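Chemist: Pasting a predicted model and its sequence here:
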Amino acid sequence: MIFGSRIDLLSKMKEMKLVTDVSVNIAEFLCGLEKNLSGDEKQTLAAAAALLSEWVSSGSICLMKDDIKTFIETNGEALSGTGFPDWEKIKNILSKSSCCTSDPEHEQRPVVLAGEKLYFYKYWLYENSLAAKVLNLSHGEGKYAKYADKIKAVLDKLFNEDAKKYGTKNIEQQKAAETVIDHRFSVITGGPGTGKTTTVAKIIAGISSVCEKAVIILAAPTGKAAARMTESLVSETEKMEGSNAIENAEILRKMKSLEGQTLHRLMGWMFGKPEKNAENPIYADLIIVDEASMVDIAMFSNLLDAVSDSTSLVLLGDKDQLASVDAGNVLSDICSADEAGLFENNIVARLTKSHRFEEHPAIGRLANAVNGQKDAKEIIKICTEEQDLDFTTKTVDEIVRTAANNYGFLSDTGLKPEEALKKLNDFKILCPSKEDSSGVVKLNEAIEKDLGRDSSDVFYSGRPIMVTKNDYANSGLVNGDCGIILGKRAYFKTDSGVKSFPISALPPVETVYAMTIHKSQGSEYSSVLVVMPENNMPMLTKELLYTAITRAKEKVEIAAKESVLEYTLKNSAARNSGFKEALEKLKKS
């Protein structure tokens with residue numbers, strides 16, 4: 001039955017926890033709109049729509065033929081007797097549905113059947129418009145192409161000075177910088193410590209030396225990443241002081257004044273939509289977006305709408321890191337399309353030599369092994385061989401004691417804010433999940449108890465905190481900012497130094513002895529303890545573990561069962577996308 005009770009097949013899927021209430025509601029809504037299908041056929045529409053909703057909620061843009069086959073094979077016992085449709089049946093029935101179209105360019109319907117892929121119309125539109133915009137941008141000449149020779153001369157001097165200082169010239173970084181000058185749209189991708197920010201600092205210095213009035217905007221998907229971008233640029237700019245390549249010291253002063261901002265702030269996002277768009281574009285000569293792997297397809301599509309015809313755009317990021325929380329994996333898609341030769345110009349520059357792990361190469365070795373999906377025994381072997389690494393099967397109680405030992409300094413009543421904030425970056429517990437038995441919430445509660453803290457007193461002195469909601473208008477603090485409460489005030493490190501706020505003026509915050517790996521993106525810690533859950537979870541992927549490992553500068557400890565580690569290494573966060581196919585179609589047309 002369709003009305004008065006849930007569709008039988010959909011009820012079974014929900015009962016077996018194969019789909020969520022949200023997906024069930026979407027499926028039932030579509031069936032309520034359907035005009036052409038019989039009751040039995042509507043069950044197929046409902047099953048396909050519910051699965052598509054699940055795939056989108058997990059980050060994919062579309063549902064593919066192979067996903068249906070895998071779903072049936074994986075859940076065969078649960079689906080026994082339901083007559084769950086295979087891909088061919090789904091295609092045949094959806095081809096008759098009033099809710100579905102295979103010609104989305106000429107008719108708008110909620111579901112799109114595009115070859116062997118199934119989309120919600122909104123995401124089909126995002127993907128295809130994005131492909132068109134990126135392809136168009138990739139053909140564009142860089143904003144500063146006419147000054148290229150002069151800018152590249154400044155870049156050459158800067159890289160030559162580095163060569164004298166460090167003994168070798170970084171050709172990779174120099175070529176990446178030149179790519180940005182030559183093209184209107186470009187990507188610089190590389191792992192931690194490969195010099196993405198170093199390269200960007202030289203790009204800004206080179207452009208500013210030749211075009212002093214250049215309007216340059218720095219942006220990132222989160223407040224933490226934006227602050228980190230600002231901090232890194234200031235640090236890199238200080239290294240250029242006294243450079244013979246920069247003739248005007250005012251250029252370096254202006255560079256230090258550049259501040260990263262969130263994409264939401266840049267776009268003027270209010271009430272669910274951006275203020276900036278094609279009719280009201282962002283005024284800038286160059287926009288640089290850091291941590292681009294975290295930008296979802298909806299945000300990126302809106303950003304490209306708002307990029308004016310006279311603006312150049314640069315994306316920075318690690319394509320191997322975790323993708324965005326919401327649907328899409330834009331940075332990886334663009335890099336994959338470039339590898340497939342779908343852009344006529346060389347718009348993607350890859351940095352491969354990491355400097356972060358030169359003093360602690362074991363971390364780099366471990367990160368590469370995880371990224372290469374080595375098996376659990378190999379990862380454990382690497383951890384036991386290297387002094388800076390450790391693999392353990394510690395219990396939750398033992399993890400709590402380790403944490404309490406590392407956070408004992410917070411009990412010091414004479415602790416200075418600057419010292420406390422610095423020490424908080426010496427050690428961090430990172431977890432995949434918030435809610436499981438060894439997740440962030442339980443660990444934070446247990447650590448507080450072990451330290452003798454009263455968790456009912458949310459503003460106790462010595463509490464490490466993380467902001468959970470943007471507060472642009474009042475404190476200026478943003479989601480992801482980390483600080484500490486000392487006495488009656490909270491302290492946060494900003495690019496302009498340590499700032500303090502009365503605890504009464506704080507936006508919503510949470511305790512952060514432990515934090516999720518997702519929240520840690522864009523941060524660095526001397527040492528990290530990665531605590532994996534007791535059981536396998538779909539969120540556990542090699543990208544998640546890689547991201548956690550590469551937050552550390554000196555030491556990594558992984559606490560996990562071997563079976564959970566093996567599952568994580570074999571599981572990839574690869575997301576369904578038709579981006580390359582959309583580009584190929586556009587090029588042919």
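Modeler: Structure's in. What do you need?

Chemist: Please enumerate the strands of the stretch 51-200 of the chain.
Modeler: Secondary structure of the stretch 51-200 of the chain (DSSP state E, counting those that start in this stretch): strands located at 63-64, 100-101, 111-114, 117-120, 185-190.

Chemist: Ser500: neighbouring residues, count only.
Modeler: Residues lying near Ser500 (other CB atoms under 10 Å) number 14. For glycine as for every other residue, the C-beta is placed from the backbone atoms N, C-alpha and C.

Chemist: Show me where the stretch 351-500 of the chain dips below the pLDDT cut-off.
Modeler: The model of the stretch 351-500 of the chain has pLDDT under 70 over residues 356-359, 455, 494-496.

Chemist: swap in the chain?
Modeler: In the chain (pLDDT under 70), the answer is 1-7, 325, 356-359, 455, 494-496.

Chemist: Am I right that Ala327 is in contact with Leu63?
Modeler: No. Taking contacts as CB atoms under 8 Å, Ala327 lies outside contact range of Leu63: 11.9 Å.

Chemist: Highest mean neighbour count out of the strands of the stretch 51-200 of the chain?
Modeler: strand 185-190 (a mean of 26; mean count of other CB atoms under 10 Å).

Chemist: and that one, what other elements does it pack with?
Modeler: Packing partners of strand 185-190 (3 or more CB pairs under 8 Å, 6 or more residues apart in numbering; DSSP states H and E): helix 121-139, helix 171-182, helix 196-210, strand 312-317, helix 330-339, strand 348-351.

Chemist: Buried ones in stretch 394-411, by neighbour count?
Modeler: Applying a neighbour-count criterion of 16 or more other CB atoms under 10 Å, one finds Lys394, Ile399, Val400, Thr402, Ala403, Ala404, Asn406, Tyr407, Leu410 buried in stretch 394-411.

Chemist: Stretch 71-89 now?
Modeler: Using 16+ other CB under 10 Å as the test for burial, stretch 71-89 gives Phe71, Leu79, Thr82, Phe84, Pro85, Trp87, Lys89.

Chemist: ok, now how distant is the second one from Asn479?
Modeler: Per CB to CB, to the nearest Å, Leu79 is found 40 Å from Asn479.

Chemist: And the first one, by the same measure?
Modeler: Phe71 is 34 Å from Asn479, where distance means CB to CB.

Chemist: The fourth one too?
Modeler: With the distance defined as CB to CB, Phe84 ends up 40 Å from Asn479.

Chemist: same deal with the last one?
Modeler: Between Lys89 and Asn479 the distance is 44 Å, computed by CB to CB.

Chemist: before we move on, which element is the residue lying closest to Thr197 once chain neighbours are set aside in?
Modeler: Spatial nearest neighbour of Thr197, excluding adjacent residues (CB to CB, 6 or more residues apart in numbering): Ser232 at 4.2 Å. Element membership of Ser232 [criterion: DSSP states H and E] is helix 223-240.

Chemist: Quick one: the helices in the stretch 301-450 of the chain, in order.
Modeler: 330-339, 361-371, 376-385, 396-406, 417-424, 440-450 (DSSP state H, counting those that start in this stretch).

Chemist: Other residues contacting the helix holding Ser232?
Modeler: Contacts to helix 223-240, defined as CB atoms under 8 Å, 6 or more residues apart in numbering, come from residues 158, 197-198, 200-201, 204-205, 218-220, 246, 252, 255-256, 258-262, 290-291, 294, 467, 470, 477-482, 494-495, 519, 521-523.

Chemist: Filter the residues you listed down to the ones in strands?
Modeler: With DSSP state E as the criterion, strands contain Leu218, Ala219, Ala220, Gln261, Thr262, Val467, Cys482, Thr494 from among those.

Chemist: Out of these, who's the most crowded?
Modeler: Ranking the ones in strands among the contacts of helix 223-240 using other CB under 10 Å puts Ala220 first, with 27 neighbours.

Chemist: Let's test this: what are the backbone torsions at Gly480?
Modeler: phi 100, psi -10 (degrees, to the nearest 10).

Chemist: Looks like it contacts Met466 (just checking).
Modeler: Yes. Using CB under 8 Å, Gly480 is in contact with Met466, at 6.7 Å.

Chemist: Mutual contacts of the two, please.
Modeler: Contact criterion CB under 8 Å, 6+ apart; residues shared by Gly480 and Met466: Lys519.

Chemist: ok, the two, which is more surrounded?
Modeler: Gly480 (25 against 17).

Chemist: quick one: contacts for the more buried one?
Modeler: Taking CB under 8 Å, 6+ apart, we find Gly480 in contact with Thr222, Gly223, Lys224, Ala225, Met466, Val467, Lys519, Gly522.

Chemist: switch to 10 Å and redo it
Modeler: Neighbouring residues of Gly480 by CB atoms under 10 Å, 6 or more residues apart in numbering: 221-228, 262, 466-468, 470, 515, 518-523.
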